[in-house]
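J.: need coordinates for the following:
(2 chains)
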Amino acid sequence: MSATEEVPAVPVLVQAPPRSAMATWQRGALVLLGLAAALAPIFVLESFQLFQLTMAVIMALAVLGLNIVTGYNGQISLGHGAFYAVGAYATAILMSHGDWSFWATLPVSAAVCAGLGYAVGFPALRLGGLYLALTTFSLAVAVPQILKHRAIEDWTGGVQGLFLVKPDPPSWLPLDADQWMYLVALGVSAVLFLLSWNLIRSRVGRALMAIRDNPTAAEAMGMDTATLKTRAFAVSAMVTGIAGSLGAVVIEFVAPDSFGFGVSISLFVGMVVGGVASIAGSIFGGLFVLFVPNIAEEISKAAPGVIYGAILILFLFLLPDGFAGLLRRLAARWRDRAAR
Amino acid sequence: MLNRRTLLATASAAALAAPRVSRAQPATPGVTATEIKIGNIMPYSGPASAYGVIGRLEQVYFRVLNEAGGIAGRKINYITYDDGYSPPKTVEQARRLVEQDRVAFLFNTLGTPTNSAIVRYVNQRKVPHLFLSTGADKWGHYQETPWTIGWQPSYRTEAQIYMKHLLEQRPDAKLALLYQNDDFGKDYIVGVRDILGDRFERTVRAVSHEVTDPTVDSQIVSLQASGSDAMLTATTPKFAAQAIRKMHDIGWKPPLHYLTNVSVSVAAVMQPAGPEKGVGIITSAYIKDPTDPGWRDDAGMKEWRGFMQRHMPDADQTDVNYPFAYGVSKTMEHVLRQCGNDLSRENVMKQATNLRNLEIPTLLPGIRVNTSPTNYHPIRQMQLARWTGSTWERFGNVIEGASV
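T.: Here you go, the predicted structure:
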């Protein structure tokens, strides 16, 4: 009797490693599947659709940047279009005035945007909630006008903007320029998504969320909230700035009119629709920001804004916690059923 | 034997036919036996959405044309997309039109920054980019962008016309020039230089302002100090109103004061400045103003009004964008008719740059559309008008810009 009673204990111990091995295998398959899904468009889609998808990937990256500071750290920013613009201009200026290669401009653009984000992070320490939202919003309104300013006109090209040329694919790759740009955007974004994912799941990530959820408790636990908040702003601005760099080369043109405050609002919409504080949600946010205005326009040319608004409201009704929330609920239901 | 011979014959026939088939493949994009696809991009949303009515009239115009049988048996499929006046969106929409919808060419895309964003793309692809809705002069640079052509008189042409009038009135005049420091304002400098040549340095005092400046008061004071006897105000409505008011307030009344036709709105410029303060200011026009009672019995405007009443009864007939859109659509229709049966991109471009003395019902009498392979400025003539204190009154003959 006692022997038979002890029997189940052993299989449980033995079973444990295979179950986690199974999970690893599943995870590996998922990653491969995701990779295949991400790469398939290169061979399946026509160049225009590939171009749209490239822009969607870039918007997803920009939304991810916003998500780090607003979603995970709780500092509302309505001014991320400014970082997007600065990143785009950093790349455009270096490429068209300095004849730099695109890759060489990325670290510079990242550093400039991180620096700017860090600087914006300081007033953010004293301003909370709505006040911070307005302060960052004023940044978004100011940047297009600053770009036109006479003092820097020689560099920025003033209202006329700057032209740049997208990088050619390496000669050993049998890809055209659009396919290569998609691959570049995808590669850069994948690296940044992975880094952000690691960041959020690290000690720092947990600290960021703790500060968002209860700043007093976080501080009482010994977290240096000021440092964490300003650095979160820097990282967030850097990610969005790199997205701006990618956007500039894909469009091959930057002008102050390209970066009105509408960009900041779009990013915010993308974040909310995709899912606040969700890495995967950022991807959906990018897709939404790029494709839904087109759908709205197809429905009505007379008032595309109204249709866009209606779709947005519909989304917020059906998916109050964003697309990521839907995924989370589906996953939970699936797990429940599996457990039963 | 017979079998083998048949086989051989078939094979060789197929081999001979194959190249012909493949040569027939790259047919003219966007053109079939029954249809021609035209692409357009307009700001239906966003800051410039007031111009969206241009696209709306064009849609109706081509629909009406199709109902009347189309052109040479082909219906016109006019595809128009919204870019919200945002250059990246314009690139996306232009690529959608060219690569996905496979339009034959782009027509009347609106805006200077938006067209700047796509001009290189369409020229690389050799897609005709016809009759843009923007007054920048660069759309006439046929050497650099041979597939892009404007329509309305450029700001540079306008400045040339003012200078021609000035030299005729006062050959020794000294000119004060207030311009907005951007593409738009700088086109006027170029136009003034075209006419004055090396006299520019001696006779012109040019002062600029930023769009972001709160006022232009100090600029006006320094221009007055230059002792000029003529003034050209090349700025947007808010600053134009400030300039007119300030000049009146400091008692500076140069005998000739030219004002860009961008800033002639009665409601946005002349009323705020004070209608009596601007009496005598000269501007220029090329489109018949739908609110001008002088055109009540004009044949061209009757045609336009008939079109509006029949097909767009709800539209605001005082909006000058409608006669503009009607005129540019008419030009397009003419080019398509002139193309005959050859609607290849090369021929469309060739015919668009081969217009001779075309009369358009909504253009002022005497103004004709002319293009050539070395003239990408279809409208180069304007007529001057003077502010009477309540309205703009046209005077003198149509003046043509310089050929440069």
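
J.: CA atoms only for stretch B:261-273 - export them in CSV, please.
T.: Extracted C-alpha coordinates of stretch B:261-273, given in CSV (Å, rounded to 0.1, in the frame of the first residue of the first chain):
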residue,chain,number,x,y,z
ASN,B,261,-2.5,87.0,-54.3
VAL,B,262,-2.1,84.4,-51.6
SER,B,263,-3.2,87.2,-49.2
VAL,B,264,-6.1,88.9,-50.9
SER,B,265,-8.9,87.4,-48.9
VAL,B,266,-11.3,90.2,-47.9
ALA,B,267,-12.3,88.4,-44.7
ALA,B,268,-8.8,87.3,-43.6
VAL,B,269,-6.7,90.3,-44.7
MET,B,270,-8.5,93.4,-45.9
GLN,B,271,-11.2,93.5,-43.1
PRO,B,272,-8.8,92.9,-40.2
ALA,B,273,-6.3,95.4,-41.6
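
J.: close to chain A, is that stretch?
T.: No. Stretch B:261-273 lies apart from chain A when judged by Cβ under 8 Å from any Cβ of the partner chain; the minimum separation is 14.6 Å. In short, each C-beta sits where N, CA and C put it, glycine included.

J.: for that stretch, which outside residues touch it?
T.: Outside stretch B:261-273, the residues within contact range by Cβ atoms under 8 Å, 6 or more residues apart in numbering or on different chains are B:135, B:155, B:158, B:184, B:233, B:235-242, B:244-245, B:248, B:275, B:278, B:283-285, B:382, B:385, B:387, B:391-392.

J.: and if you look at stretch B:364-380?
T.: The contact list for stretch B:364-380 (Cβ under 8 Å, 6+ apart) reads B:131, B:139-142, B:148-154, B:157, B:285-288, B:331, B:352-360, B:363, B:381-383, B:394, B:397-398, B:400-401, B:403.

J.: can we see that at 6 Å?
T.: By Cβ atoms under 6 Å, 6 or more residues apart in numbering or on different chains, the residues outside stretch B:364-380 that reach it are B:140, B:142, B:149, B:151-153, B:157, B:286, B:331, B:353, B:355, B:357-358, B:381, B:383, B:398, B:400-401.

J.: distance between the ends of that stretch?
T.: 12 Å (Cα to Cα, to the nearest Å).

J.: centre of the chain versus that stretch, how much separation?
T.: Mean C-alpha position of stretch B:364-380 versus that of the full chain (Cα atoms, centre = their mean, to the nearest Å) differs by 11 Å.

J.: in it, what counts as buried?
T.: Neighbour-count burial for stretch B:364-380, counted by 16 or more other Cβ atoms under 10 Å in any protein chain shown, picks out B:364, B:367-371, B:376-380.

J.: pLDDT and distance to A:Gly71 added to these, as TSV?
T.: Shown next, in TSV, are the buried residues of stretch B:364-380 (pLDDT from 0 to 100; distance: Cβ to Cβ, whole Å):
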residue	pLDDT	distance to A:Gly71
B:Leu364	95	58
B:Ile367	95	58
B:Arg368	95	61
B:Val369	96	56
B:Asn370	95	59
B:Thr371	96	55
B:Tyr376	95	51
B:His377	95	52
B:Pro378	96	52
B:Ile379	96	53
B:Arg380	94	56
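
J.: the contacts of stretch B:364-380 in helices, which ones?
T.: Secondary structure assignment by DSSP state H places B:157, B:331 of these in helices.

J.: just the contacts of stretch B:364-380 that are near chain A?
T.: Counting by Cβ under 6 Å from any Cβ of the partner chain, nothing from the contacts of stretch B:364-380 sits close to chain A.

J.: picking that back up, now the contacts of stretch B:261-273: which count as buried?
T.: Looks like the contacts of stretch B:261-273 have B:135, B:155, B:158, B:184, B:233, B:235-242, B:244-245, B:248, B:275, B:278, B:283-285, B:382, B:385, B:387, B:391-392 buried, using 16+ other Cβ under 10 Å.

J.: part of a strand, is B:His257?
T.: Yes. Using DSSP: H, G, I helix; E, B strand; the rest coil, the assignment for B:His257 is a strand.

J.: filter the buried ones among the contacts of stretch B:261-273 down to the ones in strands?
T.: B:233, B:283-285, B:382, B:385, B:387, B:392 (DSSP state E).

J.: distance of the closest residue to B:Trp147 other than its chain neighbours from chain A?
T.: Of all residues not flanking B:Trp147 in the chain, B:Asn123 sits nearest, at 4.8 Å (Cβ to Cβ, 6 or more residues apart in numbering or on different chains). Using Cβ to the nearest Cβ, to the nearest Å, B:Asn123 is found at 12 Å from chain A.

J.: what are the boundaries of the strands in the chain?
T.: In the absence of a named chain, chain A is used. Taking DSSP E to define them, one finds strands in chain A at A:162-163, A:253-254.

J.: the intended chain is chain B.
T.: Using DSSP E, strands in chain B cover B:35-42, B:75-82, B:105-107, B:129-130, B:175-180, B:204-209, B:230-234, B:256-259, B:282-285, B:381-387, B:392-400.
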